[in-house]
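Have a look at this prediction, sequence included:
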Amino acid sequence: MSKQIKTVIAVDLLNRNKTTVFWRGILVVPTVIFLASFSQMSGMGWASTGILVVPAALTLIFRGVYPSYVLAFNKAFLELETRVVAYLLVLTDEYPSIESNSKVSVTFPEIKGGAVLNRGLPLVKWFLAIPLYLVGFIYALAALAVSIVAWVQTFTTGAYPKWAAELVLGTIEYWNRVYGYAILLVTDEYPTFKL
């Protein structure tokens, strides 16, 4: 069994709302501002993600435990980010709620009191993940290009192309696995490079 973050997005392929597809970039602004408010609270500005990284790393290194409240917050925040990205990239027509929904789910691997996590790896995971970042950047560029084509097709026909959904969804899943390994520190299993 894989110890990676699993992302499930129910992609709407047919009968899409053409009006919201056209205005998607504007409609998502309130939720993006909500997400950005977490970044601003950390005092690191827009470059920060809002995810609680330092508390998780410190407790893993010094106590060998991943705090349950930090884990719950990070899971909820990553799910919200995933809902916003899925909406913005036209995978779903459901507006990204600040509460969980059935269209988008992110499942973390089970963590039991730090017994399964290496205490020293949080110090080097960011470095070990450099190849993942490079490959992910290429995937993100491809997904962005495909999303533009899919946006035009969805706006004109009301149907999202399945081939585009596979690439865009795979890219989101890939980045969530990388976050789980290098940023959220919920797994020691190195993520695969495959979409």
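Ah, there it is.

Okay, strands next: where are they in this structure?
6-9, 104-107 (DSSP state E).

between these, which one is nearest to Leu169?
Comparing those against Leu169 with C-beta to C-beta, the closest turns out to be strand 6-9 (5.7 Å). For the C-beta atoms, the positions are set from N, CA and C on the backbone; glycine is no exception.

buried residues in the helix or strand bottoming out on mean pLDDT in the chain?
Counting by mean pLDDT, DSSP states H and E, the chain has its least confident helix or strand at helix 29-41, which shows a mean of 80. For helix 29-41, a neighbour-count test (16 or more other C-beta atoms under 10 Å) marks 31, 35, 38-39 as buried.

Send over it as PDB, restricted to the C-alpha atoms.
Written as PDB, here are the backbone C-alpha positions of helix 29-41 (Å, rounded to 0.1, in the frame of the first residue of the first chain):
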ATOM      1  CA  VAL A  29     -11.100  35.800  -6.600                       C
ATOM      2  CA  PRO A  30     -13.000  35.700  -3.200                       C
ATOM      3  CA  THR A  31     -11.700  32.200  -2.400                       C
ATOM      4  CA  VAL A  32      -8.200  33.100  -3.500                       C
ATOM      5  CA  ILE A  33      -8.300  36.100  -1.200                       C
ATOM      6  CA  PHE A  34      -9.400  33.700   1.600                       C
ATOM      7  CA  LEU A  35      -6.500  31.400   0.900                       C
ATOM      8  CA  ALA A  36      -4.000  34.300   0.700                       C
ATOM      9  CA  SER A  37      -5.200  35.600   4.100                       C
ATOM     10  CA  PHE A  38      -3.500  32.500   5.700                       C
ATOM     11  CA  SER A  39      -0.300  33.400   3.900                       C
ATOM     12  CA  GLN A  40      -0.500  37.000   5.100                       C
ATOM     13  CA  MET A  41      -1.000  35.800   8.700                       C
END
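
Can you spell out which helices and strands pack onto that helix?
In terms of contacts (3 or more C-beta pairs under 8 Å, 6 or more residues apart in numbering; DSSP states H and E), helix 29-41 is packed against helix 68-88.

Between helix 29-41 and the helix it packs on, find me the angle.
Here the directions of helix 68-88 and helix 29-41 differ by 150 degrees (axes from the mean of the first three to the mean of the last three C-alpha atoms, to 10 degrees).

name the helices or strands packed onto helix 68-88?
Looks like helix 68-88 contacts strand 6-9, helix 24-27, helix 29-41, helix 54-62, strand 104-107, helix 162-178 (3+ C-beta pairs under 8 Å, 6+ apart).

between the ones you listed, which one is nearest to Arg83?
strand 104-107 (4.6 Å).
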